[in-house]
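In: What follows is a protein structure lacking sequence information:
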């Protein structure tokens, strides 16, 4: 993402005259101006750093010592003494904790029915556990901070090296860093032990890119070799204030020399060594600290991201509000009833039950308010603290299963799935739109040079080899052999490719004990670049005979076909960026040939998906280069490029331009001018580039293949079958991207492609195109009932058109229109490909879909830095730990090694977690309704006196220990359906309907919530009135003794605990030993606890009301019978509902659960034939091998399924289609109309009926739709 | 090396395994971690639930019938002696009630039993509209005082307010519950066919829970002399006698007086009964309470009219399942029948629709 900031104010004036003998990348600025220009410049967001804390010459400017933070990294949040208040404050800022705190305080203040312990203890527990956890984490941070802050640093002071602690570093200090040391803060490189003022750095710990990057020193300082020399430097650095973008830096160094005017040099990201990066392959460097401590880019980058919230959490909050309303209304009702009831004084204060004097003197309003609060306290357990804790524990522990999954472990990379935030586990199961990047995500990003084309001659390296070096001469195959030809162009072409890149040649080094760099007996090198394309190209060139050797003293060395070393002086690199989509270098040939001293501007202009690889400079340009070309065999090359693009290859064009010295000077001037600018540098650079990059001579094109990732097509297919829409968002060219889409089965041969591209909008107006398309799509839909042809649409849109669609049109009325039409078209397309997307456009698309009226859940997956915006925007962001660094993975919510792992992530983990958390949330509300509603009912029988029904211990422990573990465990390990079932190969049609079962947050919709709540209310009434009638004015022991109110409460509570636990047991489909242990264990625990609680006179309690209550209750036969009866009644309706629904209106999940039995033995006896869904598939699997016999079986299955089992016709049709001989039609059916699919079935079914007309398989397709409808 | 790699996230934002750092360890291939623990996967289908319903039906109905019959065999006789009615013998007593009267008012209620009461007969008193479960009332006691704690005896708990102290003297036993202890005296006379009144012996032991009497309630100190043990305390305001004069029997006096203990167990509902006396069966030959006429003599001390309460005396025999309560039996029969009926319905459904649901319980 490039952010162009425009600030008002006078722009920086830096007049630049070009040194004619300009032989370096950098130019000298004129002396007379710089001091005042720096002074005059109004540049608010800058800091001036005095190197070595030396005052500048008095003429320059006033020395204003500025204060910067020291180099102490403080990632910890707390200190020892502020931990408790700060942590408490942080914790009580959460609304739930605050609510519980309020309840607790109310309990402390007023005379409440329950002791403050009941709510204080759980709250204290939660707060303490959280505080301990946070404290521990903070302690770890402190420790890490300490070890970093105390790590030794070599500082240059008075010409000597002084060892000091990292935290003591200050801005302006000059430090010495040795090889393999980590930079202690953000530094500007002054000089290095390498003569050329460069150093190599790896930034693995920052962004995961393991390649060595080169950083440069300013030429004026690079000569400093000793401390003394460095110390003699008198300079200031002006630079922007710290900002988090790792790849952007703008600054300027002013060097003051005695009796000379100061020299100003531009500083860019290539001069800035970031904290956290490590020095490699360089003896030592001197550098000056400019950002320290919390100002470093690393520190700025580790600030927390905004939190995403899942749909489940939102529903949970909605339910909470409902419950809060219920709670308040309960309290209000009871308060009102209380005062209505005790209107007469005898009721309020009968002679046996007087108030205290103080109480009596209170005003009635205060009393009523206190009563209201007391009722709130009594019923507050309906919103339990433990729910928050359990949900968080579930998410936290649950995410371990994702990280532990060996199916998502990649042997090659040695990494498994990573969970960066566990808050979204369940959201994975709700995804409706998947936005995927192409390169590196769908494809391997493992480039292979395929061919190149020079002026229409196609060269293909003979062998396709991976790192294997072939003899140069033999590897050229001239396909289009027109001998002679443009020999000169060919040479230029190869040289151009060898020169225009940012590949580093790594000197011979044993990597994996294979010496990769031996070429013709001479030690050469292997290549490192963070862009795989570049490596592929340079290696491809090597195979064609031109070997790039190294960059030495700003000379690039090439070993040409004749084993001669050619040297080119590298003058300028015009970096790749996604806007221009090209990269250029300006080189001067100096190899003593005829072209000596003639400067070439060699542009290598290539095309690839325009991913911005921050850091890496990619030699890419696209067909948009053609307008910039003035000569060359444009037509041939263009044809070849297009052909290659259609084949899914990544194509690049190469062009060049010769510059006369005058032209070069002009260019040089512009470039340095732009580079020196502190303001709008990017813009000015772009302008400069634009001026230079024109009038090219086209040389040729290359094609590089990026293979599809393993199982990418399979994964996409599975996702589509699970009802997700897959969109590919890529910066690549349309043809290339479309080819990938075909290969990955996003588009099928039957898919009708709708194009919404610039090409089309140039012919017609955007308005017309849009309406055209929407008509096509909608007509198809309206005709679908009749049409035999079921059309499946794929949309291709490019970035330019997209921005036109999204741009609010000038007439404000039509602004939303295009958007709506566009969305409508998208909705009707099974696949959408967006090509030529800028990173921000990717995020825009995601945002657009997110905001559409269905509010679908979106997922974005990508591997590169250009996907970060989209990953952050989508509901769920997934990063691929790919070759292009860890940017995406770091910013994502989940990171996986390969695209194929998405399938398990979404279809298995996401699905499970959704089911689990949905049950968790619903169950929690249910069990607390069951818990609290009897207390509410009891108020009607105790004069609304807030008498609690249960003992304090029960009130406290109900949610903490009696019923907490089973649901937590359930929400961790429940599997309503087997993993295999969820992620079966595309042969299975179940996923569609399985996922329809949970789509759109189905398990947390209001009707479901209402069902659970009603069930809870029903159960509560059963508990209460059951006990009421059992107690009805009589005894139920054989010794005639009576029970009191505590026995009554204990009876209700016992029934309650057993019922809610058994209800969960009924819901559990997956009984592992842990489930048994926890469910029966917690019931046993309840019994043992009750026995213990009532078995002793507890000395620390001031009441002994529970003494022997539980045992007395158990000593009575009717109590046992009553408990059993009430549990049975409570569970009965739920069981009946379950069974009836499963039998009469089974969901797909339920069908899948039972669908695991034998195939019918006799396919002709339809009455007996019981075929499970799965077996249709199994049979179908076999049918492909075994011939028509099994086809009949399949069709029979389908027939029976429709007739007898009342299966969803959709799935049947799908099954049928999938296994039809013309399998291609079938793939797209899942999301089209049922009737359409059934009409689709006709030919196939008809075919069978013909061939096996004797068999009773007459399927009347005509009447099926009515059944379906 | 990076301090910041510890996720400096907001509260509640859970730090998660591997967050930010690369795990180079291959996940363990254990059944638990891979979520592949062997499991029993029962499914509630019509087929599996059917037998359960029939079994429940078949078990519940006989139990219900048994309970119902047992309940019906229990004999219970109830007589209301509140005296709200003009015709009631206790009308006068109830009208002229005053806390200060020294002379107890007595009244006698004649009644007759149609059927003889075999085996032990339990005599209860019942109160209606008496909110023993009122929160202020329930907590108005001091369990440590009742457990014989001498400090609590002299310093009753705050919960007992306003029945904690009377003119600076601590009340023993303190609290509203103790203060309002039921103090009617009930005596039962059998009117012989030849007209003589025979007092029926009423046993006052065994009416309270054994654990209450022997563990939970204790007299203060080890002092056998209760009068001195309770010295320094005063009787509850509404009591006529101090606590150490509740009974003459040392084993049933003071806090361990069983009437007192029974009263102290607060009832669950505003209409309740409490065990008063047990009439023990004399021998196998004669019924405990033969058929005939009886008189209930009441010493009317306990006012209930102010809160529209009622007072009753209940005579009841007891079975293994307690007193007369047809609820459990009826409920069992109903639930059993419903289950049976549902079983039949499910059978039909299962036959008609559920042919595919014939399986379950296949271990993974």
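Out: The structure has been received and is ready for your questions. Treat the numbers as computed from the prediction; the structure is a model and nothing was measured.
In: Pull out the buried residues from stretch B:241-255.
Out: B:242, B:243, B:244, B:245, B:246, B:247, B:252, B:253, B:254, B:255 (16 or more other CB atoms under 10 Å in any protein chain shown). For every residue, glycine as well, the C-beta is placed using N, CA and C.
In: For those, give me TSV that also has distance to residue A:557 and pLDDT.
Out: Output for those, formatted as TSV (distance: CB to CB, whole Å; pLDDT from 0 to 100):
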residue	distance to residue A:557	pLDDT
B:242	116	90
B:243	112	90
B:244	115	90
B:245	119	89
B:246	115	89
B:247	117	89
B:252	115	90
B:253	115	89
B:254	111	89
B:255	107	91
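In: just these now: which is nearest residue A:672?
Out: residue B:255 (102.9 Å; CB to CB).
In: so can I have a markdown table of the buried residues of stretch B:241-255 showing distance to residue A:744?
Out: Shown next, in a markdown table, are the buried residues of stretch B:241-255 (distance: CB to CB, whole Å):
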| residue | distance to residue A:744 |
| --- | --- |
| B:242 | 95 |
| B:243 | 90 |
| B:244 | 94 |
| B:245 | 97 |
| B:246 | 92 |
| B:247 | 94 |
| B:252 | 91 |
| B:253 | 93 |
| B:254 | 90 |
| B:255 | 85 |
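In: And stretch B:111-119, how far out from the chain middle?
Out: Here stretch B:111-119 is found 26 Å from its chain centre; the criterion is CA atoms, centre = their mean, to the nearest Å.
In: Please see if it touches chain A.
Out: No: shown here: stretch B:111-119 not in contact with chain A (CB under 8 Å from any CB of the partner chain), separated by at least 11.0 Å.
In: buried sites along that stretch?
Out: Buried-residue list, stretch B:111-119, by 16+ other CB under 10 Å: B:111, B:113, B:117, B:118.
In: which regions of the stretch 151-300 of chain B lie under the pLDDT threshold?
Out: In the predicted model of the stretch 151-300 of chain B, no residue satisfies pLDDT under 70.
In: run the last query once more with 80
Out: Applying pLDDT under 80 to the stretch 151-300 of chain B flags residues B:221-224, B:284.
In: Flag every residue of it that's near chain A.
Out: Close to chain A, as judged by CB under 8 Å from any CB, the stretch 151-300 of chain B has residues B:157, B:159, B:161-163, B:176, B:179-180, B:206-209, B:211-212, B:215-216, B:238, B:262, B:265-275, B:278.
In: Kindly give a single PyMOL line that selects the buried subset of the residues you listed.
Out: Buried subset of those, written as a PyMOL selection, criterion 16+ other CB under 10 Å:
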select buried, chain B and resi 157+159+161+162+163+176+179+180+206+207+208+209+211+212+216+238+262+265+266+267+268+269+270+271+272+273+274+275+278
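In: Closest to residue A:131 out of the buried residues of stretch B:111-119?
Out: residue B:117 (66.0 Å).
In: Quick check: bridge partners of that closest one?
Out: residue B:289 (DSSP bridges).
In: Take the buried residues of stretch B:111-119 and write them to CSV, including pLDDT.
Out: As requested, the buried residues of stretch B:111-119 are exported to CSV (pLDDT from 0 to 100):
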residue, pLDDT
B:111, 93
B:113, 91
B:117, 91
B:118, 86
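In: Can you pick out the most distant pair from these?
Out: B:111 and B:118 (18.5 Å).
In: how about the residue nearest to the spatial centre of chain B, what does it touch?
Out: Closest to where the C-alpha atoms of chain B average out (CA atoms, centre = their mean) is residue B:267, at 5.8 Å. Contacts for residue B:267 (CB atoms under 8 Å, 6 or more residues apart in numbering or on different chains) come out as A:1042, A:1044, A:1045, B:130, B:132, B:133, B:274.
In: still on that earlier bit, what's the farthest-apart pair in the buried residues of stretch B:241-255?
Out: B:242 and B:252 (15.1 Å).
In: per-residue confidence for residue 148?
Out: If you meant another chain, say so; for now it's chain A. Looking at residue A:148, its pLDDT stands at 78.
In: look at chain B instead
Out: So, for residue B:148, pLDDT stands at 88.
In: Just to be sure, it is in a helix?
Out: No: assessed with DSSP: H, G, I helix; E, B strand; the rest coil, residue B:148 is coil; it does not lie in a helix.
In: Tell me which residues touch it, please.
Out: Counted by CB under 8 Å, 6+ apart, residue B:148 has contacts B:217, B:218, B:219, B:220, B:221, B:255.
In: Strands of the stretch 1051-1200 of chain A, start to end?
Out: Applying DSSP state E, counting those that start in this stretch to the stretch 1051-1200 of chain A gives no strands.
In: Could you point out which residue ranges in it have low pLDDT?
Out: A:1145-1200.
In: same thing but at 90, please
Out: The model of the stretch 1051-1200 of chain A has pLDDT under 90 over residues A:1069, A:1096-1105, A:1116-1118, A:1139-1200.
In: ranges for the helices of it?
Out: Assigned by DSSP state H, counting those that start in this stretch, the stretch 1051-1200 of chain A shows helices spanning A:1073-1095, A:1109-1114, A:1117-1144, A:1148-1154, A:1173-1186, A:1188-1203.
In: do the stretch 201-350 of chain B as well
Out: Applying DSSP H, counting those that start in this stretch to the stretch 201-350 of chain B gives helices spanning B:210-211, B:226-229, B:258-264, B:326-352.
In: what about the ones you listed, which gets the closest to residue B:284?
Out: helix B:210-211 (26.5 Å).
In: For chain A, state which of the buried residues of stretch B:111-119 is nearest.
Out: Using CB to the nearest CB, residue B:117 comes nearest to chain A of the buried residues of stretch B:111-119, at 12.9 Å.
In: That closest one contacts residue B:286, correct?
Out: No: when contacts are counted by CB atoms under 8 Å, residue B:117 is not listed as touching residue B:286 (10.9 Å).
In: close to chain B, is whichever strand or helix holds residue A:315?
Out: Per DSSP states H and E: residue A:315 is located in helix A:311-341. No: Helix A:311-341 does not reach chain B (CB under 8 Å from any CB); its nearest approach is 10.6 Å.
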